[in-house]
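J.: Compute the structure for the input listed below.
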Amino acid sequence: QLQLVESGGGLVQPGGSLRLSCTASNFTLDDYALAWFRQGPGNKREGLACVTSKDSRTHYKDSVKGRFTISRDDMKNTMSLQMNSLKPEDTAVYLCNAKYTFYSFWGQGTQVTVAS
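T.: Predicted coordinates:
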């Protein structure tokens with residue numbers, strides 16, 4: 001079964017950091033554009049960061065620019081999201097996505113809660 005599995009979520013205090021990881025099973029990420037999304041309670045899913053497949057160009061949503069960093073390691077078949085200076089409004093379920101032509105895979109999501 002082709003799937004993405006996230007890890008690394010949890011509870012963190014405001015100003016803290018977390019690193020999320022996403023590992024692909026039964027397919028390789030080399031040709032896929034990768035992205036992180038999140039969905040907070042009652043909110044629509046929003047894209048946060050993405051990285052291209054060949055030249056690893058990155059793009060960020062303004063609200064996370066300078067605080068979040070997306071990366072990919074095709075040798076390990078993983079992608080990551082380093083999140084620093086976390087705010088309560090960053091609380092959400094975070095999901096990874098891999099997309100290539102007609103194919104799009106989603107992880108199951110990992111909860112991130114930012115609270116004192």
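
J.: contacts and neighbour counts: CA atoms only from here.
T.: OK.

J.: Which residue comes closest to the residue nearest to the spatial centre of the chain once chain neighbours are left out?
T.: Compute the mean C-alpha point of the chain, and by CA atoms, centre = their mean the closest residue is W36, 3.0 Å away. In this structure, W36 finds its nearest non-sequential neighbour in C96, 4.6 Å apart by CA to CA, 6 or more residues apart in numbering.

J.: ok, now which ones touch the one you found?
T.: C96 sits next to 4, 6, 22, 34-37, 106-107, 109 when contact means CA atoms under 8 Å, 6 or more residues apart in numbering.

J.: so which strand or helix has it?
T.: Per DSSP states H and E, C96 falls inside strand 92-100.

J.: Quick check: can you name the pairing partners of the following helix or strand past that strand and their directions?
T.: Sequence-wise, the next helix or strand downstream of strand 92-100 (DSSP H and E) is strand 103-106. Applying DSSP bridges, strand 103-106 is found paired with strand 92-100 (antiparallel).

J.: what pLDDT does the residue nearest to the centre of the chain get?
T.: W36 is assigned a predicted lDDT (pLDDT) of 98.

J.: circling back to that earlier point, would you mind putting the CA coordinates of the strand holding C96 into CSV?
T.: What follows is strand 92-100, C-alpha atoms only, in CSV (Å, rounded to 0.1, in the frame of the first residue of the first chain):
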residue,chain,number,x,y,z
ALA,A,92,-3.8,22.3,14.0
VAL,A,93,-3.6,18.9,12.5
TYR,A,94,-0.6,18.9,10.1
LEU,A,95,-0.6,16.8,7.0
CYS,A,96,2.1,16.0,4.4
ASN,A,97,1.4,15.7,0.7
ALA,A,98,3.3,14.3,-2.3
LYS,A,99,2.1,15.2,-5.7
TYR,A,100,3.2,14.1,-9.2
